[in-house]
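# coords please:
(one chain, ligands or ions: 1)
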Amino acid sequence: MPLTDNTPSSIFDLLQALGHQKVVFCNDPDTGLKAIIAVHDTTLGPALGGTRMWTYKSETDALRDVLRLSKSMTYKASVSGLNIGGGSAVIMGDPRRDKTEAMMRKLGRFIKNLNGEFITAEDMGTNTRDMEYIRMETEHVTGVPETMGGSGDPTPIAARGVLMGIKASVKELFGADTLVGRSVIVQGIGHVGENLVKLLREESAKVYVSDINEERVVQVSKKYGAQPVANNTIFDINAEIYAPCALGATVNSRTIGKLKCAIIAGSANNQLEDENIHGRMLLDKGILYAPDYVINAGGLINCYSELMGFSKKRTLQLTENIYNATRNVLKLSKAENISTIEAANKIAEKRIADIRKIKSSY
Ligand SMILES: NC(=O)c1ccc[n+]([C@@H]2O[C@H](COP(=O)([O-])OP(=O)(O)OC[C@H]3O[C@@H](n4cnc5c(N)ncnc54)[C@H](O)[C@@H]3O)[C@@H](O)[C@H]2O)c1
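Now for the predicted structure:
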C-alpha cells in the first residue's frame, strides 16, 4: 500500500490512490474526542473494523494509520471469505490517561450517524468495556461483553488464527507443522500477544517475549515460562519465527537487514512499512512473510460471527481455516514468484472484483 512520505499530498488524491470511499473527522471539545473514521470499501458488505486509541505524534500519522488499517480490513474480510467490507477508526490520545465513558459514547454517536455503513470493534487501546459504552449509543458495534449479547473478547480467537498462520508457514518451510522446539519471538504482549504466547507454549514452542511495558514482560514471561527480552535487543535473538504483535511498520528498510528469522508471522496490522518494497526484499532474502491480514483475521471472524448470530463452533471453524488460506497464499507466491503480500492482494482483489460484477447485474 503506497502510504509513505512519497504519497500524494492531496487527501483526495490519497483516497483515490488507496480506493477509500469515505473519511469522517470526529471532533468533540466537550469530551476531548478527536477521531477519524475511514470507510474503505463496502462491496462485500458494511465496513467492519476496530477502533484504535493511540498517542499519535501528528494528525498525519493518525490519518495514515486509519487509512492503512481500513484498507487492510477490506482485504482481510475478502481473503477470509466474509461478506463484509473494510473500515477502521482511530482516536488520538493516551488510552490510559485520556479515555472516558463520555468520549467513547460520543464516538458511538458519530458511528450511529453513519447508519450502519461502519461497524466497529476493539483494537489497540480499546477493550470490551469501551465497546459496551459505544453500544449504549449505537447498535453498530461488535465485541461487546457476553452479558450484553455479544461474543466478548475477540483476542483469544485472533491469537488462534495467528497460530494457524504460523503453523501453515512452518509446514511450508520445514515440511511439518509441529511447533515443538521451534523458537518464536513475540513482540508486544498485550491482548493478542499474551494469548499467542499461551498457545505457543501449549504447543511446546520456545518463546521469547518483549514489550515496551517492562512490567508485562516480567508477568507474562513468568506466567508462561517464556524468555524475557529487552525491547531494543529483539533483533539480536536467534529465533526462527518473529511474531510482531504491537504496532505496524516494524518490517522496513532499517530492520530487514537485521532480521535473523526464517518466518515473520504475527498479529500486528500493516507490518510492512511499504508492502511493495519490503514484500520483495523479504522474498529476495528468503524470509517467509505470512501476510498480516491473512493470519490475523481471527478477531474479525469473531466480530463477523457476532453479527451473523454468534456460534462458537462456526467461529472456530472459520478461524482454523486461516491455515488453508495461508497455504493458498504461499502456494500462489511460489507459483508466480511474487511476494506473499502480492499473492494475498491478488486473491483478495479478485474476490472483490467478482462480487462487484455480480452486484452490478440484475
Ligand atoms: N485485538 C484484536 O482482536 C486484534 C485482531 C487482529 C489484529 N490486531 C492487531 O494486533 C496488534 C496488537 O493488538 P492488541 O489488541 O493485542 O493490542 P494491545 O494494546 O492489547 O497490546 C499491544 C502491546 O504492544 C505493546 N507495544 C506497543 N508498542 C510497542 C513497541 N514499539 N515494542 C514492543 N511492544 C510495544 C504495548 O505495550 C502492548 O502491551 C495491533 O497491531 C492490532 O491492530 C488486534
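# which one is the residue of the stretch 201-350 of the chain found nearest the ligand nearest to, not counting chain neighbours?
Per CB to the nearest ligand atom, residue 299 is where the stretch 201-350 of the chain lies closest to the ligand, at 2.8 Å. C-beta here means a position set from N, CA and C on the backbone, and glycine is covered the same way. Once flanking residues are discounted, residue 299 sits nearest to residue 158: 3.6 Å by CB to CB, 6 or more residues apart in numbering.
# picking up where we left off before, what count of nearby residues applies to the residue of the stretch 201-350 of the chain closest to the ligand?
28 (other CB atoms under 10 Å).
# helix or strand for it, which one?
Secondary-structure element containing residue 299, defined by DSSP states H and E: helix 298-308.
# so residue 37 sits in a strand?
Yes: secondary structure of residue 37, determined by DSSP: H, G, I helix; E, B strand; the rest coil: located in a strand.
# for it, which residues are in contact?
Remark: with contacts taken as CB atoms under 8 Å, 6 or more residues apart in numbering, residue 37 is in contact with 23-24, 26, 66, 87-89, 110-111, 114, 118.
# can you flag the buried ones in these?
Neighbour-count burial within the contacts of residue 37 applies to 23-24, 26, 66, 87-89, 110-111, 114, 118; the criterion is 16 or more other CB atoms under 10 Å.
# surely the residue of the stretch 201-350 of the chain closest to the ligand meets residue 156?
No: applying CB atoms under 8 Å as the test, residue 299 and residue 156 come out as separate, 9.5 Å apart.
# would you mark the buried spots in stretch 166-184?
166-172, 177, 179, 182-184.
# so for it, what's the average pLDDT?
In this model, stretch 166-184 has a mean pLDDT of 97.
# who touches that stretch?
The contact list for stretch 166-184 (CB under 8 Å, 6+ apart) reads 200, 203-208, 238-243, 262-263, 265, 288, 290, 295, 322-324, 326-327, 330.
# please enumerate the helices of the stretch 251-362 of the chain.
Secondary structure of the stretch 251-362 of the chain (DSSP state H, counting those that start in this stretch): helices at 275-285, 292-295, 298-308, 312-320, 322-336, 340-359.
# need the winner for burial among these.
helix 292-295 (a mean of 28; mean count of other CB atoms under 10 Å).
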